[in-house]
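Quick one, structure for this:
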Amino acid sequence: MNRTNSVKKVRVKLAWRSKHGAARGQQGASLLEAISYLGIAAVVVIGAIALLSTAFSSANTNAVSEQVSAIQSGVKKLYSGQSSNYSGLDNTVLAAAGVFPSTLAAASNGTVTNTWDGTVTVTGSNTTFAIQFTSVPQSVCVNAVSAGGGWTSISINGTDITLPATPADATTDCSSSSANTIIWTST
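Purely as a prediction, here's the structure:
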């Protein structure tokens with residue numbers, strides 16, 4: 001009887017293992033768990049996209065500020081011995097002198113294009129010169145205008161703003177989401 005009881009015990013153990021042990025190892029994720037995993041993944045992807053968008057906007061703002069400052073410095077250096085008379089200053093003169101930063105697309109005919117396919121135009125008259133950027137997005141416009149600098153005046157979409165420009169004033173005047181025109185004037 002000992003042998004019969006041993007065989008029965010082995011059969012019971014094998015039956016229990018095959019029913020419970022194998023089933024545990026083969027269980028997959030339920031539909032609810034799969035949807036939860038996909039939901040979490042979607043939130044992570046959306047968060048990453050939002051951070052990238054913010055980073056690109058910040059980088060574009062820095063680029064515009066650097067480009068405008070480089071043009072301002074280049075013009076002042078180019079005209080330093082000219083008794084502050086900027087008459088005749090235009091894109092063609094600045095392109096020939098290599099004043100435009102390499103981050104702006106400058107053509108040989110004097111046409112200069114910014115990151116958003118807008119134009120960059122520099123003009124001078126007597127004691128002042130102006131740098132104009134077109135097609136500037138609102139977020140970049142607000143940050144670039146309120147960043148400060150040694151400007152005589154700043155105009156956004158045809159409206160002169162009081163200097164120093166506050167973020168609130170810049171937000172009001174940078175009214176277009178993608179096509180603002182900024183004119184910085186310097187002496």
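
use CA for all of it now, contacts and neighbours both
Noted.

which helix in this structure runs the most residues?
helix 31-78 (DSSP state H).

What is that one packed up against?
Using 3 or more Cα pairs under 8 Å, 6 or more residues apart in numbering; DSSP states H and E, the elements in contact with helix 31-78 are helix 138-146.

Quick one: mean pLDDT over the helix it packs on.
Taken as a whole, helix 138-146 has an average pLDDT of 87.

how distant is the longest helix of the chain from the center of its chain?
Between the centre of helix 31-78 and the centre of its host chain there is 4 Å, according to Cα atoms, centre = their mean, to the nearest Å.

Quick one: name whatever helix or strand follows that helix.
Note on helix 31-78: by DSSP states H and E, the next helix or strand toward the C-terminus is helix 91-97.

Which SSE is immediately downstream of that next one?
strand 105-106.

hang on, the earlier thing: report the angle between the longest helix of the chain and helix 138-146.
Relative orientation of helix 31-78 with respect to helix 138-146: 40 degrees, computed using axes from the mean of the first three to the mean of the last three Cα atoms, to 10 degrees.

so how many other residues sit close to residue 169?
Neighbourhood size, residue 169 [other Cα atoms under 10 Å]: 16.

can you check residue 91 too?
Counted with other Cα under 10 Å, residues neighbouring residue 91 total 23.

Can you verify my assumption that it contacts residue 119?
No: assessed by Cα atoms under 8 Å, residue 91 is found out of contact with residue 119, at 10.8 Å.

overlap in contacts of those two?
Where contact means Cα atoms under 8 Å, 6 or more residues apart in numbering, the residues bridging residue 91 and residue 119 through contact with each are 111, 112.

returning to that earlier point: could you tell me the average pLDDT over the longest helix of the chain, please?
Averaged across helix 31-78, pLDDT comes to 79.

Next: stretch 120-128.
For stretch 120-128, the mean pLDDT works out to 90.

and what of stretch 166-183?
The predicted model gives stretch 166-183 an average pLDDT of 89.

in that stretch, what's buried?
The neighbour-count check on stretch 166-183 (16 or more other Cα atoms under 10 Å) flags 166, 169-171, 173-176, 178-183 as buried.
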